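Enquirer: here you go, sequence then predicted model.
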Amino acid sequence: MLGHLHQKDGLPCQDACAYKIHDEKWCFIAVGDGLGSAPLSHIGSRLAVESAINIASTLISSNSLLLPEIPVKMIEGAKLCLLRKAEEEGVKISDLATTLIVAAFDKNNLHSAQIGDGAIVIQSEGLLQLISCSLHSEYANEVTPITSDDFLDYLIEANVVDSKIDCLAVFTDGCQRASLKKGIDGYMPFEGFFNPVFNFASNITDIEKGNREIEEFLLSQKMTEHSEDDKTIVLAVM
């Protein structure tokens, strides 16, 4: 959703997301956050998430890779797509700068890869777990886009294997202050955010209506108090 700050400045929403359910068994999610300093980052984030999902769908359909191998290929493929776009348009690839989080999962396994900020949280047997987050990396004070030459040096990979995954959330940094809290051992999911959000998602019967209600929530004053940045969250219920 377009953040209040971007709305006031007349800027486009620089967040983007996409997903794909394959054979009612595997699901792929991609979430990108275009860098505010890049003039075409709203285009970069959209191209990145769409190409990442298309690559995942092609790979899983062809049986050329196992599920754990797909997330990194999604990010590498998105980078190549942005390189081609920059060449076609005669612009610098840095003009399309965006972060990217991707997830490939089924009911019992999750494999993810991440460049830049944002996070992934799951609920498994009633417990919340922060699976992937740049705040846990060596480079927590930096935002590295996939358009950087050394982007793979900043890659964060995470895996959850043979666990019952009830719900999953992939979100951009505009949601982080509201959804994560800092504890003794680092950041962790905030129950006051995720318990009602996952409960809501688990009881949705009308997808379009549910999407509208989530949009209203992201635009609410309560969320804006934490951040005026663009906000995107993708929810999955197994």
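Expert: The structure has been received and is ready for your questions. Residues are numbered from 1 along each chain as shown.
Enquirer: drop to CA atoms for contacts and neighbour counts, all remaining ones
Expert: Will do.
Enquirer: what's near enough to touch the closest residue to residue 42 other than its chain neighbours?
Expert: Here the nearest residue to residue 42 in space, its sequence neighbours aside, is residue 14; by Cα to Cα, 6 or more residues apart in numbering that works out to 4.2 Å. Residue 14 is in contact with 2, 33-36, 41-43, 45, 230, counting by Cα atoms under 8 Å, 6 or more residues apart in numbering.
Enquirer: now go through these and say which are in helices.
Expert: Those of the contacts of residue 14 mapping onto helices are 41-43, 45, per DSSP state H.
Enquirer: could I get the full set of helices for the chain?
Expert: Counting by DSSP H, the helices of the chain are 4-9, 41-62, 70-89, 176-179, 191-202, 207-218, 221-224.
Enquirer: please identify the most buried of the ones you listed.
Expert: Highest mean neighbour count of the helices of the chain: helix 41-62, a mean of 22 (counted as mean count of other Cα atoms under 10 Å).
Enquirer: okay, the angle between that one and helix 70-89?
Expert: Note on geometry: by axes from the mean of the first three to the mean of the last three Cα atoms, to 10 degrees, helix 41-62 and helix 70-89 are set 130 degrees apart in direction.
Enquirer: counting by contacts, list what helix 41-62 packs against.
Expert: Packing partners of helix 41-62 (3 or more Cα pairs under 8 Å, 6 or more residues apart in numbering; DSSP states H and E): strand 15-22, strand 26-33, helix 70-89, strand 100-105.
Enquirer: tabulate the ones you listed (JSON lines), appending distance to residue 197.
Expert: Listed next are those as JSON lines, based on distance: least, Cα to Cα, whole Å:
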{"stretch": "strand 15-22", "distance to residue 197": "18"}
{"stretch": "strand 26-33", "distance to residue 197": "18"}
{"stretch": "helix 70-89", "distance to residue 197": "25"}
{"stretch": "strand 100-105", "distance to residue 197": "19"}
